[in-house]
Each structure stands twice: as C-alpha cells, then as structure tokens.
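Asks: no sequence for this one, just the structure:
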C-alpha cells in the first residue's frame, strides 16, 4: 500500500489561478481554508482583542473584552498575583489601549494576547525569587 500526501503552503503551478476558487470560514473567520484547484492552504488572520475589565479572585483571573467575550485562567499561572494581597490585586490599570494590564504594587504586566493563547507567566524562578526577597524587605519597612 502506498501513502499519498497533499503538499500544503505552496505556490500555484504554472497555468493555475493565483486566486482561490473558494474559501471556507473556520472558527469565526479567524482561519480560512484557501483552495487552488486540488491544493489547499490554511491561513490565519489576527483579530485584535481589547480588554475592558478584569476580576482577580483567590484562584482565577477573568478578563472581559470590549466585544463581549470573557476568558478565565488559573491565578496559579501568575505567581506575583498569587502572592499579592487582595488590595494589591485590585490596584490595576489597563495599558496599551486595552492590550494588557499593569499592577504597580506587584510590578506585574500581563498581555491580552498571552492570555488568549493560554500562556502562563514566563518569569524565571530566579527573577521571581529576587522579587519575593525585595517584596519581603519592602513589607518589613512599612
């Protein structure tokens, strides 16, 4: 038995149309399956999401977007927020015209894109441990 594979992401062969013969919308227009005769190419479009509000509880972070969508992720993904007090977690502001959030008391920034892609904090353990030491010193002085 011989296996056959379709080649993806290629240029049309000589004599083939450069324009797709039809497009099929997948998942609300973010991805499109483009067809050139019997060849296919999957294209991804970027759609900007702007944050409107955020709610931080003891175990989750929920973001509401201006278009009505919401996303909730585990707070454990963001160690600085986990170690923050409720008062510190409530002191935030939207940055970059809705592209992210900043917590000045915790020196933490989160981007909307990372949340949508399911990315937890990328901070190294070394950096986080340094932050914990500095935080402890700061709390002792106050």
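Replies: Sure thing, it's come through. Because the structure is predicted, anything quoted here is derived from the model rather than measured. Numbers count the residues shown, from 1 in each chain.
Asks: longest helix of the protein?
Replies: helix 125-141 (DSSP state H).
Asks: and that helix, what other elements does it pack with?
Replies: Judged by 3 or more CB pairs under 8 Å, 6 or more residues apart in numbering; DSSP states H and E, the packing partners of helix 125-141 are helix 79-83. The way it works is simple: take the backbone N, C-alpha and C, and place the C-beta from them, glycine included.
Asks: quick one: contacts of the helix it packs on?
Replies: For helix 79-83, the external contacting residues (CB atoms under 8 Å, 6 or more residues apart in numbering) are 56, 61, 75-76, 89, 103, 106-108, 121, 123, 128, 131-132, 135.
Asks: now with 6 Å, please.
Replies: 75, 89, 106, 108, 128 (CB atoms under 6 Å, 6 or more residues apart in numbering).
Asks: immediately after it, which helix or strand?
Replies: Per DSSP states H and E, helix 79-83 leads on to helix 86-90 as the next helix or strand towards the C-terminus.
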